[in-house]
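Undergrad: Starting from these lines, generate the structure:
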Amino acid sequence: MSMVCCDSAGENDQIAFMAAVSWRDGAQELRRLVVAENGVPDRIEDVSLAWRAFRTFLAVPLDGLFDRWESADVEADTLIVDFGVFGNEGDLPGLLLVRRFNVPSVGWHDGRPGEPSDDEDEDDLDLDLADTVQIELELTFARDTTAEVDDFWTAARSGEFAAEDLAEAEELVMALSGAKPLRSRIDLINPN
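TA: Alright, predicted model coming up:
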């Protein structure tokens, strides 16, 4: 969605507004963005394509994040870029692009977040508990692929990562631009 407005000189400027997406739908939104880049979510073969889709995803505000703590220590929306062996099939090296955030505590069933039941009294819920959740895009490479990639950045607010942080992350990710991923994975997980 976008809106056109005029400045004092009467010139038109296009201002883009990103609609918030529920954190529960974040992995689906990332999959949609990979497809929009002409990629296949489970078979991304280009590091550049993966980064473009993920960077676009980082600009999407997530709705429903935990907002009850007033501490500067809370990482409400964090980008993590990491390269290593993550225990995948064959112990092959991978690039992990992670968007990590906190949500009000929910029950998890078979690796998926549950919904609070209608019969639970809101007074019985402990509203001070949060779950750390992350949406991951993992690219798996051949065994001989190496890189020094490991850093993280926190947004001021959901979907508002600083341009210089994104440029720094892109530089790390693009160190692997010459390597062709063997497979990819997009998922919403509770890392705890």
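Undergrad: mean confidence score for stretch 31-48?
TA: Average pLDDT, stretch 31-48: 97.
Undergrad: same question, stretch 176-187
TA: 95.
Undergrad: Other residues contacting that stretch?
TA: Applying Cβ atoms under 8 Å, 6 or more residues apart in numbering, the contact partners of stretch 176-187 are 27, 30-31, 34, 41-48, 50, 83, 92, 95, 135-142, 145, 147, 149. Bear in mind the C-beta positions are built from the backbone N, C-alpha and C, glycine included.
Undergrad: one more time with 6 Å
TA: 27, 30-31, 41, 44-45, 47-48, 95, 136-141, 145, 147 (Cβ atoms under 6 Å, 6 or more residues apart in numbering).
Undergrad: In helices, which of those appear?
TA: 27, 30-31, 47-48 (DSSP state H).
Undergrad: could those residues be laid out in CSV, adding neighbour count and distance to A175?
TA: Shown next, in CSV, are the ones in helices among the contacts of stretch 176-187 (neighbours: other Cβ atoms under 10 Å; distance: Cβ to Cβ, whole Å):
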residue, neighbour count, distance to A175
A27, 20, 25
L30, 27, 22
R31, 18, 25
V47, 21, 9
S48, 13, 12
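Undergrad: Which of those sits closest to T56?
TA: Lowest distance from T56 to the ones in helices among the contacts of stretch 176-187 (Cβ to Cβ) belongs to L30, with 8.9 Å.
Undergrad: Find the residue at the geometric middle of the protein.
TA: The chain has R99 as the residue nearest its centroid, 3.0 Å off, counting by Cα atoms, centre = their mean.
Undergrad: residues in contact with that one?
TA: Neighbour list for R99: I135 [criterion: Cβ under 6 Å, 6+ apart].
Undergrad: Doesn't it lie inside a strand?
TA: Yes. Under DSSP: H, G, I helix; E, B strand; the rest coil, R99 sits within a strand.
Undergrad: picking up where we left off before, only the buried subset of the contacts of stretch 176-187, as a PyMOL command please.
TA: Per 16 or more other Cβ atoms under 10 Å, the buried members of the contacts of stretch 176-187 correspond to this PyMOL selection:
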select buried, resi 27+30+31+41+44+47+95+136+137+138+139+140+141+145
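Undergrad: Just to be sure, which of the contacts of stretch 176-187 are found in strands?
TA: Judged by DSSP state E, the subset of these located in strands is 95, 136-140.
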